[in-house]
Each structure stands twice: as structure tokens, then as C-alpha cells.
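Undergrad: got a predicted structure here, sequence first:
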Amino acid sequence: MRYQQLLTELHSRRIRLVFDGELKYVAPKGAVTPQLLAALKEHKPDLLHDFRERAAIMMADARLPPYEALRLAPSCAFTPYPPPCRARAGGDEGEP
């Protein structure tokens with residue numbers, strides 16, 4: 001799966017990526033298939049690069065501290081809907 005296809009698939013399945021020291025996902029129950037998990041693992045370096053890039057922009061533009069910018073980077077980069085404060089009950093969580 002190509003990188004852009006992965007991002008589209010994550011969005012269509014309402015899978016949220018979060019970075020809290022490690023790259024993780026929050027997803028509706030059953031949304032993460034073995035193929036999607038493999039694609040997440042394959043593109044993990046690209047995702048982390050994009051998160052760091054977004055965080056650097058937010059640190060410069062919004063003057064956020066580095067930790068806060070890295071924490072917010074995934075939702076600002078790839079989630080077109082506001083991220084919830086915590087995972088919804090009945091969802092899946094994990095690391096790629």
C-alpha cells in the first residue's frame with residue numbers, strides 16, 4: 001500500500017494516530033486489519049518524519065513547546081475531525 005493510500009484508508013476507517021513518545025493508533029473496534037497494520041509498520045518512518053515536520057512548524061508558528069507540538073502533530077496532520085480527549089469505549093488501541 002502506498003503512503004497516500006494508507007492515509008486515505010486511516011481517514012476512511014476513522015483511525016487516529018497519536019504520538020506520546022511512541023506512535024500509536026486509536027480505532028473503532030475491528031477497523032485495523034492485518035494488512036493495514038502491516039502498512040502502518042511499513043510506513044512508520046514516514047509517519048514519524050511527517051509528525052516531526054508538523055511539530056517543528058507548530059513550534060515556530062504557534063510557539064508551542066516541543067512535547068506539546070509532537071503530541072498534537074498527528075491530529076493536525078492527518079485527522080480532519082477533532083480528536084477526542086481519550087479513546088472511545090469499545091475501540092481498539094495499539095502500536096504499529
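TA: Okay, I see it.
Undergrad: doesn't Gln35 fall inside a helix?
TA: Yes - the assignment for Gln35 (DSSP: H, G, I helix; E, B strand; the rest coil) places it in a helix.
Undergrad: tell me which residues touch it, please.
TA: Neighbouring residues of Gln35 by C-beta atoms under 8 Å, 6 or more residues apart in numbering: Met1. Where you see a C-beta, it was placed from the backbone N, CA and C, and this is true even at glycine.
Undergrad: try 10 Å
TA: By C-beta atoms under 10 Å, 6 or more residues apart in numbering, the contact list for Gln35 reads Met1, Glu9.
Undergrad: now it: how far from Asp20?
TA: 25 Å (C-beta to C-beta, to the nearest Å).
Undergrad: host element of the residue lying closest to Ala56 once chain neighbours are set aside?
TA: Leaving out its chain neighbours, the residue that sits closest to Ala56 by C-beta to C-beta, 6 or more residues apart in numbering is Ala69, at 7.4 Å. Element membership for Ala69, per DSSP states H and E: helix 66-78.
Undergrad: just the CA atoms of the helix or strand encompassing Lys41, as CSV, please.
TA: Assigned by DSSP H and E, Lys41 belongs to helix 34-42. Output of helix 34-42 as CSV, limited to C-alpha atoms (Å, rounded to 0.1, in the frame of the first residue of the first chain):
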residue,chain,number,x,y,z
PRO,A,34,-3.7,-7.3,9.4
GLN,A,35,-3.0,-5.7,6.1
LEU,A,36,-3.5,-2.2,7.5
LEU,A,37,-1.3,-2.9,10.4
ALA,A,38,1.4,-4.2,8.0
ALA,A,39,1.1,-0.9,6.1
LEU,A,40,1.4,1.1,9.3
LYS,A,41,4.6,-0.7,10.2
GLU,A,42,6.0,-0.3,6.7
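Undergrad: which helix or strand lies directly C-terminal to it?
TA: Going down the chain from helix 34-42, the next helix or strand is helix 44-61, by DSSP H and E.
Undergrad: which element is Gln5 on?
TA: If you go by DSSP H and E, Gln5 is part of helix 3-12.
Undergrad: what about that helix, distance to the chain center?
TA: Offset of helix 3-12 from its chain centre (C-alpha atoms, centre = their mean, to the nearest Å): 11 Å.
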